[in-house]
Each structure stands twice: as structure tokens, then as C-alpha cells.
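K.L.:
Sequence plus the predicted model coming up.
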Amino acid sequence: MNQIVLIQPNFKIGGGSFTGYWLPYSVGCLWSYAAQEDWVRDNFEVADIIYKREEPCKLVERIKDCKVFFFSCYMWNCNTINMLHKR
């Protein structure tokens, strides 16, 4: 089975005692659309969903065996996406 990683790193949101993350809606929509096809469901599975900001070198180590990535780029995460893409 081919492994897919959905990548949409975000900042923590909220203040005080409330801190959380936005769920990765955009990459989730990409996977939901692709998974409508039988050949996609039969040959691919989501191995990881990256939605928290982490050190790029740690992320690269986590995803090194995957060959397919769905990226969601926004102005606040483009630098992180670019670092992952170049490795």
C-alpha cells in the first residue's frame, strides 16, 4: 500500500488557558476528493497528518519513507513547506 502524508502545519491559536490548532481542512478536502476513486482507495492510505509546527528536520525523518504528499500552503506556513519540499 502506498503511503500518503497530508501536510498543513499551523500555529497554536488562542490565548490564556485555551490553546489549540486548526484542523487541516484543506489537505483533508484534497484526500476526501481523491479517495472517491476506487483505484486511489485500493492503492493508497494516509500514513500521517502533520498539522503542528515542528522542526523541519524531525518532520523529514518522520516522512522519509512516503512518496506522495498533499501540501496546503498559506503565507504563514510557506517557509516550512519549502524546507520540507527541498529535502
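P.N.:
Perfect, thanks for sending it. Just so it is clear, the structure is predicted and the values come from calculations on it, not from any experiment.
K.L.:
Flag the shaky bits of the chain, pLDDT-wise.
P.N.:
74-87 (pLDDT under 70).
K.L.:
And the residue nearest the centre of it?
P.N.:
Nearest to the mean C-alpha position of the chain, by CA atoms, centre = their mean, lies Ile7 at 1.3 Å.
K.L.:
Which helix or which strand is home to the nearest residue to Val68 once chain neighbours are set aside?
P.N.:
Excluding the flanking residues, the one nearest Val68 by CB to CB, 6 or more residues apart in numbering is Ile4, at 4.6 Å. In short, each C-beta sits where N, CA and C put it, glycine included. Using DSSP states H and E, Ile4 maps to strand 2-10.
K.L.:
neighbouring contacts of that strand?
P.N.:
Contact partners of strand 2-10, identified using CB atoms under 8 Å, 6 or more residues apart in numbering, comprise 21-22, 24-28, 30-31, 43-54, 63, 65-72, 76-77, 80-81, 84.
K.L.:
Just the buried residues of the very next helix or strand once past it, please?
P.N.:
Note on strand 2-10: by DSSP H and E, the next helix or strand toward the C-terminus is helix 25-34. Buried residues in helix 25-34, defined by neighbour count with 16 or more other CB atoms under 10 Å: 27-28, 30-31.
K.L.:
Then stretch 44-61?
P.N.:
For stretch 44-61, a neighbour-count test (16+ other CB under 10 Å) marks 44, 46-47, 49-51, 56, 59 as buried.
K.L.:
In a markdown table, list these along with secondary structure and distance to Lys12.
P.N.:
As requested, those are arranged in a markdown table below (DSSP: H, G, I helix; E, B strand; the rest coil; distance: CB to CB, whole Å):
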| residue | secondary structure | distance to Lys12 |
| --- | --- | --- |
| Phe44 | strand | 30 |
| Val46 | strand | 23 |
| Ala47 | strand | 24 |
| Ile49 | strand | 17 |
| Ile50 | strand | 15 |
| Tyr51 | strand | 11 |
| Pro56 | helix | 18 |
| Leu59 | helix | 17 |
